[in-house]
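> coordinates only, sequence not included:
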């Protein structure tokens with residue numbers, strides 16, 4: 001497969017360059033002929049050979065040898081005819097006798113052809129000159145084409161090989177990633193499409209590695225969080241087996257409810273991270289916000305707006321924000337939603353002590369609790385804000401934690417896709 005790709009690229013480059021070379025040669029030939037340079041050259045050659053033949057009246061001179069020598073020197077073909085039309089001497093295959101001038105004719109495939117030049121000598125003989133080849137001085141067209149092809153092939157090889165080598169490295173990176181090496185990265189060379197593909201691969205590998213690390217942390221944290229209510233539930237059941245007590249029964253029911261909520265949160269987080277499709281519907285977000293805010297006795301500033309998605313996901317997002325603000329913020333809460341051309345913006349603000357700037361990103365991590373809340377029974381398990389961000393990103397937005405003017409915390413959530 002790799003060799004076939006290399007041959008395709010290499011052959012395409014060489015073939016295209018050869019076609020360009022042939023085209024340039026054809027255009028140059030047409031230009032040479034149409035510029036009357038070839039006819040003028042034949043006329044000059046005929047005049048020079050004629051002067052040599054006329055200037056050597058010695059007897060016993062081998063006309064054929066003299067004609068061949070002069071014709072080879074000038075790179076033409078020549079024939080000498082008597083005034084009665086008999087051929088006296090010639091170089092190469094004899095051409096028909098005639099007395100035409102150097103006008104251009106059309107030969108095979110419409111290519112221009114020069115019929116030749118005829119010159120009358122002083123003694124009545126006729127000299128006929130045709131285009132020839134200087135084999136000893138310049139290479140023929142086939143040799144020139146072969147040299148051109150060789151030069152192009154040598155020049156195209158390193159370019160084609162470099163492109164294929166970069167693709168081979170990218171292929172090895174994909175294979176390593178598929179084998180489980182999530183830390184693999186490929187070098188980015190240049191600024192072309194192959195380099196862009198390498199950058200995209202590195203970004204994808206980084207996201208996969210980050211997502212895998214997040215899942216591992218979530219699994220480890222979930223195991224720890226599940227042990228606590230299970231241990232309390234086990235103790236409560238042992239005590240209930242000895243002496244039935246209502247307070248122990250209520251404690252066990254709370255532990256079961258905590259386990260149920262934790263499992264539901266874990267399932268929701270898994271669905272959001274897997275990008276599983278949801279049953280989308282048009283949800284009146286302002287009405288949903290008012291319904292959830294009423295549970296916490298919070299006033300709402302909202303404009304009518306709708307969003308396509310799962311109503312249950314939006315309820316969980318709003319409820320987690322309000323519950324977090326009530327639990328950690330204290331005091332009066334404020335909430336509202338506004339819409340624009342790109343989507344909607346939800347905000348929830350409290351008047352609590354606020355969140356230190358160093359922890360404003362960490363509070364969105366799964367199972368993270370600020371200092372002093374790790375052992376609180378009413379502090380949740382640390383998945384509320386993590387689910388808020390996961391839901392927001394699932395619907396094309398994001399969640400941020402900001403400082404509220406005048407003290408407190410302000411959470412802002414953006415969601416895309418207005419219905």
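Good, I have the coordinates. Predicted model only: the values in this text are computed from it and were never measured.
> give the buried residues for stretch 229-245.
Of the residues in stretch 229-245, 229, 232-233, 236, 239 count as buried by neighbour count, 16 or more other CB atoms under 10 Å. Backbone N, C-alpha and C define where each C-beta goes, glycine included.
> my bad, should have said stretch 184-203
Using 16+ other CB under 10 Å as the test for burial, stretch 184-203 gives 184, 186, 194, 198, 201-202.
> and which of those residues is nearest to residue 167?
residue 194 (6.5 Å; CB to CB).
> does that closest one touch residue 165 like I think?
No: the criterion here is CB atoms under 8 Å, and residue 194 misses it with residue 165 at 10.0 Å.
> for the buried residues of stretch 184-203, which two are the farthest from each other?
Longest span within those, CB to CB: 184 and 194, 17.2 Å.
> show me how the chain divides into domains.
For the chain, automatic domain parsing gives the domain ranges 36-138, 277-416.
> redo those domains as a markdown table? Include distance to residue 22 and mean pLDDT.
Conversion of those to a markdown table gives the following (distance: least, CB to CB, whole Å; pLDDT from 0 to 100):
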| stretch | distance to residue 22 | mean pLDDT |
| --- | --- | --- |
| domain 36-138 | 13 | 67 |
| domain 277-416 | 55 | 85 |
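> out of the ones you listed, which is the most enclosed?
Ranked by mean neighbour count, the domains of the chain are led by domain 277-416 with a mean of 17 (mean count of other CB atoms under 10 Å).
> what about that one, distance to the chain center?
Here domain 277-416 is found 37 Å from its chain centre; the criterion is CA atoms, centre = their mean, to the nearest Å.
> again, but for stretch 253-267
45 Å.
> which parts of that stretch count as buried, going by neighbours?
Neighbour-count burial for stretch 253-267, with 16+ other CB under 10 Å as criterion, is recorded at 255, 258-259, 262, 265-266.
> residue contacts, the nearest residue to residue 333 once chain neighbours are set aside?
Here the nearest residue to residue 333 in space, its sequence neighbours aside, is residue 298; by CB to CB, 6 or more residues apart in numbering that works out to 4.6 Å. Contacts for residue 298 (CB atoms under 8 Å, 6 or more residues apart in numbering) come out as 322, 333-335.
> kindly report the same for residue 208.
Applying CB under 8 Å, 6+ apart, we find residue 208 in contact with 177, 182.
> sec struct for it, please.
Residue 208 falls in the helix class when you classify it by DSSP: H, G, I helix; E, B strand; the rest coil.
> ditto for residue 181
Applying three-state DSSP: residue 181 is coil.
> for residue 212, see how far away it is.
Counting by CB to CB, to the nearest Å, the gap from residue 181 to residue 212 is 12 Å.
> and what of residue 394?
As judged by CB to CB, residue 394 and residue 212 stand 18 Å apart.
> go on, residue 269?
The gap separating residue 269 from residue 212 is 14 Å, by CB to CB.
> one more: residue 235?
Separation of residue 235 from residue 212 (CB to CB) stands at 36 Å.
> got it, and residue 351?
Distance, residue 351 to residue 212, by CB to CB: 39 Å.
> repeat that for residue 364.
18 Å.
> for residue 167, same thing?
26 Å.
> the more surrounded of these two?
A side-by-side neighbour count of residue 167 and residue 212, using other CB atoms under 10 Å, places residue 167 first with 17 against 12.
> skip the chain neighbours and tell me the closest residue to that one.
Leaving aside its chain neighbours, residue 167 sits nearest to residue 194 (6.5 Å; criterion: CB to CB, 6+ apart).
> the one you found sits in which helix or strand?
Using DSSP states H and E, residue 194 maps to helix 193-242.
> now do residue 338
Residue 338 is located in strand 334-339, with elements delineated by DSSP H and E.
> what's the answer for residue 341, then?
Going by DSSP H and E, residue 341 is not part of any helix or strand.
> mind listing what it touches?
The contact partners of residue 341, by CB under 8 Å, 6+ apart, come to none.
> from residue 416, how far off is it?
Distance of residue 341 to residue 416, given as CB to CB: 11 Å.
> same question for residue 267.
Using CB to CB, residue 267 is found at 24 Å from residue 416.
> equivalent analysis for residue 382, please.
Taken as CB to CB, the span from residue 382 to residue 416 is 27 Å.
> with residue 390 instead?
15 Å.
> quick check: next helix or strand after the helix or strand residue 68 falls within?
Assignment of secondary structure by DSSP H and E places residue 68 within helix 63-74. Downstream of helix 63-74, the next assigned helix or strand under DSSP H and E is strand 76-81.
> and that following strand, what other elements does it pack with?
Applying 3 or more CB pairs under 8 Å, 6 or more residues apart in numbering; DSSP states H and E, one finds that strand 76-81 makes contact with helix 37-54, helix 63-74, strand 87-90, strand 126-131.
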